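Engineer: generate coordinates for the sequence data below:
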Amino acid sequence: MSGSDILMIKTAKEFLQDLQNRICGRLAQINGDQSFSHAPKTPSQGGLSDPRVLAGTGPIEKAAVNFTHSIGASLPKAVSESRSDLAGSPFEAVSLSVIVHPSNPFVPTTHMNLRLFIVKKEPVQWHFGGGYDLTPTYGFIKDAQHWHLGARSSVEEEYESMKKKCDEYFYLPHRDEQRGIGGLFFDDLASDNFNFTFTKIEKIGESFLPLYTEIFERRRSEPFTDKNRSFQLFRRGRYAEFNLLLDRGTKYGLQSGRRVENVLASMPPLAAWCYEYPIEKGSPEHLLTEFFLKPRDWITPANHPT
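Structural biologist: Below is the predicted model of the structure:
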């Protein structure tokens with residue numbers, strides 16, 4: 001690698017590892033200072049795998065905050081399928097993936113991923129990808145508006161295009177259903193100036209935790225019933241379907257030879273499938289599927305349906 005490539009990896013790696021530490025610290029605090037598991041490994045080809053998982057009985061049922069520094073001889077198909085000219089090229093990548101599955105059904109699940117890819121093919125090419133999204137079991141206009149206002153503030157004029165890509169990506173075609181209420185999604189983000197583009201990534205990464213924890217704190221003490229819990233597990237089943245059938249990150253992890261436990265750390269701890277789950281028209285569960293799981297303008301939304 002050239003000196004500039006090494007510097008790009010170093011810059012992104014330091015930021016993502018620092019962000020990993022801060023996110024883990026805050027989530028552990030939410031869960032009563034419960035510790036994350038921490039077992040970093042150095043693969044034979046170099047790099048670093050640093051998965052951190054929290055699982056317990058507190059407000060967070062499961063969280064995974066995984067940093068990966070990958071070095072490979074051939075770009076995985078999940079990355080190169082849209083860029084056939086790069087197929088088979090050696091690569092280096094750093095990424096941070098975050099998933100939080102809360103215990104309370106009224107607290108939404110969230111996911112964030114930030115990554116830098118460098119393809120070692122002359123001329124060397126680099127790009128950032130990632131974003132964050134929110135998946136509620138029970139929808140609240142206040143939460144959706146807060147989430148998208150914060151997302152827009154972090155990317156400004158690029159919000160509309162990143163929101164649209166997020167809605168398009170987190171969609172289950174076999175269910176004809178969105179995974180959640182979206183957020184930001186981007187791929188192949190690059191420019192002639194690495195530092196300029198990296199600053200955008202920093203802003204997105206820094207905005208994530210305050211946005212999510214405000215919603216978490218607002219909803220964590222909501223009383224819930226067995227029915228609410230049942231619906232949460234049912235909705236987690238849809239989340240699992242997306243991750244296993246459609247998610248490019250899962251495919252990339254498996255194709256690149258990463259440890260399967262790390263790749264599937266984003267899966268919910270418990271989920272359920274029910275044949276024709278009974279949803280009463282006009283219920284909060286019906287409101288989720290018929291109103292919240294539709295792409296829409298969340299910043300200036302229509303009145304909440306009654």
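
Engineer: for the chain, give me the ranges with low pLDDT.
Structural biologist: Within the chain, the stretches with pLDDT under 70 are 1-3, 78-84, 301-306.

Engineer: one more time with 50, if that's ok
Structural biologist: 306 (pLDDT under 50).

Engineer: longest helix of it?
Structural biologist: helix 3-30 (DSSP state H).

Engineer: what are the buried residues along it?
Structural biologist: Buried residues in helix 3-30, counted by 16 or more other CB atoms under 10 Å: 8-9, 11-13, 15-17, 19-20, 23-24, 27-28, 30. Using the backbone N, CA and C atoms, a C-beta is placed for each residue, glycine as well.

Engineer: list the helices and strands it packs on?
Structural biologist: On a contact count with 3 or more CB pairs under 8 Å, 6 or more residues apart in numbering; DSSP states H and E, helix 3-30 meets strand 52-55, strand 60-72, strand 91-102, strand 109-119, helix 194-219.

Engineer: report the distance from it to the chain centre.
Structural biologist: 16 Å (CA atoms, centre = their mean, to the nearest Å).

Engineer: ok, back up a step: for residue 293, find the nearest of the helices and strands packed on helix 3-30.
Structural biologist: strand 109-119 (13.4 Å; CB to CB).

Engineer: just checking: what are the partner strands of the closest one?
Structural biologist: strand 91-102 (antiparallel), strand 125-135 (antiparallel) (DSSP bridges).

Engineer: doesn't residue 94 make contact with residue 13?
Structural biologist: Yes. With contacts counted by CB atoms under 8 Å, residue 13 reaches residue 94, the gap being 4.7 Å.

Engineer: which neighbours do those two have in common?
Structural biologist: residue 69 (CB atoms under 8 Å, 6 or more residues apart in numbering).

Engineer: returning to that earlier point: redo the helices and strands packed on helix 3-30 as a markdown table? Include distance to residue 179.
Structural biologist: Converted to a markdown table, those look like this (distance: least, CB to CB, whole Å):
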| stretch | distance to residue 179 |
| --- | --- |
| strand 52-55 | 22 |
| strand 60-72 | 17 |
| strand 91-102 | 12 |
| strand 109-119 | 9 |
| helix 194-219 | 16 |
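
Engineer: let's have those in a markdown table, adding mean neighbour count and distance to residue 185.
Structural biologist: A markdown table is the format used below for these (neighbours: other CB atoms under 10 Å; distance: least, CB to CB, whole Å):
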| stretch | mean neighbour count | distance to residue 185 |
| --- | --- | --- |
| strand 52-55 | 20 | 24 |
| strand 60-72 | 22 | 19 |
| strand 91-102 | 24 | 14 |
| strand 109-119 | 23 | 9 |
| helix 194-219 | 17 | 11 |
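
Engineer: how about the ones you listed, which one is nearest residue 234?
Structural biologist: Of these, nearest to residue 234 by CB to CB is strand 109-119, at 13.1 Å.

Engineer: one step back: now the strands paired with strand 109-119 in TSV, with distance to residue 150?
Structural biologist: Listed next are the strands paired with strand 109-119 as TSV, based on distance: least, CB to CB, whole Å:
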stretch	distance to residue 150
strand 91-102	16
strand 125-135	10
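
Engineer: indicate which one of those is closest to residue 278.
Structural biologist: From the strands paired with strand 109-119, taking CB to CB, the stretch that ends up closest is strand 125-135, at 21.3 Å.

Engineer: what would the closest one look like as PDB? C-alpha coordinates only.
Structural biologist: Taking C-alpha atoms only, strand 125-135 is exported to PDB below (Å, rounded to 0.1, in the frame of the first residue of the first chain):
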ATOM      1  CA  GLN A 125      -9.900   3.200  -5.400                       C
ATOM      2  CA  TRP A 126     -11.600   4.000  -2.000                       C
ATOM      3  CA  HIS A 127     -15.100   4.600  -0.900                       C
ATOM      4  CA  PHE A 128     -17.200   4.900   2.300                       C
ATOM      5  CA  GLY A 129     -20.500   3.200   2.900                       C
ATOM      6  CA  GLY A 130     -23.000   2.700   5.700                       C
ATOM      7  CA  GLY A 131     -25.700   4.600   7.500                       C
ATOM      8  CA  TYR A 132     -28.200   4.100  10.300                       C
ATOM      9  CA  ASP A 133     -31.900   3.100  10.600                       C
ATOM     10  CA  LEU A 134     -34.600   2.600  13.200                       C
ATOM     11  CA  THR A 135     -37.000  -0.300  13.500                       C
END
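
Engineer: alright, calling it a day.
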